[in-house]
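In: turn this into a structure:
(chains A and B)
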Amino acid sequence: MVTDVGHAQRVIRPTRDAEASGGVFTEIGLVTWRSLVKLTRTPVLLFFSLFMPLIWLVMFSQTFGTVFSSAASGGFSGTPLPYDYVAVLLPGITVMTAIQSASQSGFGMVADLESGFMDKFFVAPIHRGSVLAGKLLADGLRMAAQAGIILGIAAILTLFGWRIPFATGVVGAVLITLLAAAFGVAFSGLSNTVALRTKNTESTMMVSFSLTFPLLFLSTAMLPKALLPAWVQTFSTVNPVSYMADAARALILTGFDWTAIGNAFVAIAAFGIVLNGLAIMAFRAQGK
Amino acid sequence: MPEAVSIRPDSQRQVRAARSSKGSVIEVDHLVKVYGGRGQEEVKAVNDVSFSVGEGEFFGFLGPNGAGKTTVIKIITTLLAKTSGTVRVAGLDVDRQGADIRRIIGYTGQSIGVDGELTGRENLWLIGRLYHMPNALVEERVEELLDVLQLKDAANRRAYTYSGGMRRRLDLGAGLVHHPRILFLDEPTTGLDPQTRAAVWEYLRRLHREENMTIFLTTQYMEEADQLCQRIAIIDLGKIVAEGSPAELKAAIGADIITVRITRDEAFQQSRDRALEIARTIPGVSRATIFDEGVSAYTADGGATLLEVLRRLDSEKVPVHQVALAHPTLDEVFLQHTGRQMRVEEVKPMSRSFGRRRR
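Out: Just a heads-up that it's a prediction; the model follows:
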């Protein structure tokens, strides 16, 4: 231990050579803690990030429900369906919520860069990766909570006559929650990359938001593949949102479709590695 | 990127060796930083800067906005990569031993980097924990700092409710939680009211005096550099134009200035010319010039020369209206070295400036 001796009065006592406490997981945990504390202290944001998806769920299912039913019975099904459109839409809304949160992921990054708080992280003896990992972990937890709440409310709606089968029960719901969070974390890479490269909230918002709707509507998130126009069907096969939506829809309507679930995780992993790879590159380039 | 975070015994040995063998704790040699390139216009923000700071020294970088102060401090604190040159902190190289350097330095940036959503106490706690200090120790240190920085009453309030001065103090505290050996402060009092500025100065003096902490400070205030720093480097347009103690720098410009104002009568022109002739013949006057109201004489010893000037002017019957003796200020030092007056521009605290834009 190196200590400075000979200073009778001290402004603050020295611990400069204090025993190291905690490793990389502590670092990540601290960053996550900070992000979650901030989140809980902006209850308005928290409320609306849940409120909006629920509005969408009700609005879409009411507006398009009858169209869907007649299209389904006349088209791909032939007989009246044993479930409502809301059951088809539910996975789409969970992925949409995750995308929405993911679009906002970069905002915090810009705020920290602007305020100078990021310098506090960078000048501390921690891994730079811990900062990004901690933020993503906090994002993932938030997205899982959002998906969980949406599924929970949907479950409550079944008590009021809404026909949502929940074919795989609680286990399936947990799987959907995981899928949604994983998808959201993967998609966060885009928002964070733009945030780190432009250091500008508006740009971050524009890029992320302008991709959100094409990704959602050119996928099977809103309607089953059979009801989509041919060119959208083609695009939807390369859209990771489709794989996520198909797996989640199977979990709600039919059962454990392990091929779909496997495909979803592969698609999410590929998507996530590319986007977060870009984010990591942008993050490492800070101060270079 | 991944540098080891655990305090390794070898790095400790290095730090100790460097501390005992050498006097200087910061060594900057031929530092160059070029921004831009790749299509953008290249800007040489730091142009061949060399200096060193001794252990326990209070060192200041004085210069106007855009002089390159922040760029230099960010390179030394490992926040920014340099273009060329070498920078060593406590004998450690900024390129290869950044993690070891980060462990022993504290940094308070120009923009106040506190998290407004966290309370004052939480801000300090988080930073302390990020330095891998055990929780109990962090909590103890946080309480000490809140006390010293007079933030105890506001400790449980979220930082966005704080006044500018409180936020600055909190930010300063964040740079001190882990008790750094070297403290870096980038314009620590910009935007503060005079009272708060004085309080921050007093605390910095105590840290330096009682803790023997090495402090590296940048400022655009002459007075601040003069009041606090033992040694100053004046930086302008990316180059160091002068270096020394405030007294040395002032002495170097020909010391004191005697200003003689001549009575405004019909013979004013002749009287002034006569006064200039006389001033130039007086031993000890290094230089004499006329100005619109009279004559200025530069001298190493103002007190003694002043008497001689008055005696000679009186015996030659030059009508003297007023006499003044002034000691040079750092303003004059800056003027002398750059040919320009130093203008202080207030920086907006939330200015959108990070990395390449800041210099």
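
In: near chain A, which residues of the stretch 201-350 of chain B show up?
Out: Residues of the stretch 201-350 of chain B that fall close to chain A, judged by C-beta under 8 Å from any C-beta of the partner chain: B:203, B:206-207, B:210-212, B:350. C-beta coordinates here come from the backbone N, C-alpha and C atoms, glycine included.

In: out of the helices and strands in chain A, which is least certain?
Out: helix A:43-74 (a mean of 80; mean pLDDT, DSSP states H and E).

In: what's the following helix or strand after that one?
Out: On the C-terminal side of helix A:43-74, the closest following helix or strand by DSSP states H and E is helix A:85-115.

In: isn't A:Ser242 up against A:Leu216?
Out: No. Here A:Ser242 does not reach A:Leu216: they are 10.2 Å apart, not a contact under C-beta atoms under 8 Å.

In: quick one, which of these two is more surrounded?
Out: Each of A:Ser242 and A:Leu216 has its neighbours counted (other C-beta atoms under 10 Å in any protein chain shown); A:Ser242 has more, 24 against 19.

In: ok now do that one, which residues does it touch?
Out: A:219-221, A:225, A:236 (C-beta atoms under 8 Å, 6 or more residues apart in numbering or on different chains).

In: what strand or helix carries it?
Out: Assigned by DSSP H and E, A:Ser242 belongs to helix A:240-253.

In: returning to that earlier point: any idea which of the contacts of A:Ser242 is closest to chain B?
Out: Ranked by distance to chain B (C-beta to the nearest C-beta), the contacts of A:Ser242 are led by A:Ala221 at 33.0 Å.

In: look up the closest residue to that closest one, ignoring the ones flanking it.
Out: Excluding the flanking residues, the one nearest A:Ala221 by C-beta to C-beta, 6 or more residues apart in numbering or on different chains is A:Gly92, at 3.5 Å.

In: same question, A:Leu218
Out: Distances taken as C-beta to C-beta, 6+ apart put A:Phe235 closest to A:Leu218, at 4.7 Å, once the chain neighbours are dropped.

In: over to the residue of chain B found nearest chain A: give its phi and psi.
Out: Closest to chain A within chain B is B:Gly113: 3.3 Å, counting by C-beta to the nearest C-beta. Backbone geometry at B:Gly113, expressed as degrees, to the nearest 10, gives phi -90, psi 60.

In: so how many other residues sit close to it?
Out: B:Gly113: 25 neighbours (other C-beta under 10 Å).

In: same thing with A:Thr63?
Out: So A:Thr63, with other C-beta under 10 Å, has 11 neighbours.

In: likewise for A:Ile126?
Out: The local packing of A:Ile126 (other C-beta under 10 Å) involves 27 other residues.

In: repeat that for the one 4 residues further on.
Out: Taking other C-beta under 10 Å as the neighbour definition, A:Ser130 ends up with a count of 24.

In: OK, contacts around the residue lying closest to it once chain neighbours are set aside?
Out: Excluding its sequence neighbours, the residue lying closest to A:Ser130 (C-beta to C-beta, 6+ apart) is A:Glu27, at 3.7 Å. When contacts are counted by C-beta under 8 Å, 6+ apart, A:Glu27 is found next to A:126-127, A:130, A:134, B:5, B:130.

In: where's A:Glu27 relative to A:Leu132, distance?
Out: According to C-beta to C-beta, to the nearest Å, A:Glu27 and A:Leu132 sit 11 Å apart.

In: follow-up on the earlier one: pLDDT on the helix or strand where the residue nearest to A:Leu218 lies, on average?
Out: For A:Phe235, the enclosing helix or strand under DSSP H and E is helix A:230-236. Taken as a whole, helix A:230-236 has an average pLDDT of 91.

In: what does the stretch 51-200 of chain A put close to chain B?
Out: A:113-129, A:199-200.

In: residue of chain A nearest chain B, please.
Out: Closest contact between chain A and chain B, by C-beta to the nearest C-beta, is at A:Gly116 (3.3 Å).

In: which residues touch that residue?
Out: Here A:Gly116 is in contact with B:109-113, B:354 (C-beta under 8 Å, 6+ apart).

In: let me know the pLDDT of the nearest residue to it once chain neighbours are set aside.
Out: With sequence-adjacent residues excluded and distances taken as C-beta to C-beta, 6+ apart, A:Gly116 is closest to B:Gly113, at 3.3 Å. Looking at B:Gly113, its pLDDT stands at 86.

In: go on, B:Val53?
Out: The score at B:Val53 is 95. That number is its pLDDT.

In: what residue ranges in the chain are flagged as low confidence?
Out: Answering for chain A, as no chain was given. By pLDDT under 70, the weakly predicted segments of chain A are A:1-22, A:73-79.

In: look at chain B instead
Out: B:1-22, B:253-255, B:339-359.

In: quick one: the helices in it?
Out: Assigned by DSSP state H, chain B shows helices spanning B:9-21, B:69-76, B:98-104, B:120-130, B:135-148, B:164-174, B:194-211, B:222-228, B:246-252, B:268-281, B:302-315, B:330-338.

In: need those helices in CSV (columns: mean neighbour count).
Out: Shown next, in CSV, are these (neighbours: other C-beta atoms under 10 Å in any protein chain shown):
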stretch, mean neighbour count
helix B:9-21, 14
helix B:69-76, 26
helix B:98-104, 23
helix B:120-130, 25
helix B:135-148, 18
helix B:164-174, 23
helix B:194-211, 16
helix B:222-228, 20
helix B:246-252, 17
helix B:268-281, 17
helix B:302-315, 15
helix B:330-338, 19
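
In: nearest to A:Ala195, out of those?
Out: helix B:69-76 (20.4 Å; C-beta to C-beta).

In: can you tell me which helices and strands that closest one packs against?
Out: strand B:24-37, strand B:40-54, strand B:58-62, strand B:84-89, strand B:182-186, strand B:214-219 (3 or more C-beta pairs under 8 Å, 6 or more residues apart in numbering or on different chains; DSSP states H and E).

In: what's the closest of those strands to A:Thr66?
Out: Nearest to A:Thr66 among the helices and strands packed on helix B:69-76 is strand B:40-54 (57.3 Å), distances taken as C-beta to C-beta.

In: quick check: buried residues in that closest one?
Out: Within strand B:40-54, the residues scored as buried using 16 or more other C-beta atoms under 10 Å in any protein chain shown are B:44-47, B:49, B:51-53.

In: and what of stretch A:60-75?
Out: With the criterion 16+ other C-beta under 10 Å, stretch A:60-75 contains buried residues A:60-61, A:64, A:68-69, A:71-72.

In: redo these as TSV? Include distance to B:Arg121.
Out: As requested, those are arranged in TSV below (distance: C-beta to C-beta, whole Å):
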residue	distance to B:Arg121
A:Phe60	45
A:Ser61	47
A:Phe64	51
A:Phe68	54
A:Ser69	57
A:Ala71	59
A:Ala72	58
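
In: who's in contact with stretch A:200-209?
Out: Residues outside stretch A:200-209 that contact it (C-beta under 8 Å, 6+ apart) are A:102-104, A:106-107, A:110-111, A:190-191, A:194-195, A:198, B:352.

In: my read: the residue nearest to A:Ala221 touches A:Leu216, true?
Out: Yes. With contact defined as C-beta under 8 Å, A:Gly92 reaches A:Leu216; the gap is 7.0 Å.

In: shared neighbours of those two, anything?
Out: A:Met222.

In: how deep is the nearest residue to A:Gln233 once chain neighbours are set aside tucked in, by neighbour count?
Out: Excluding its sequence neighbours, the residue lying closest to A:Gln233 (C-beta to C-beta, 6+ apart) is A:Lys225, at 5.7 Å. Residues lying near A:Lys225 (other C-beta under 10 Å) number 15.

In: for A:Lys225, list the residues it contacts.
Out: A:Lys225 neighbours (C-beta under 8 Å, 6+ apart): A:233, A:236, A:242, A:246.
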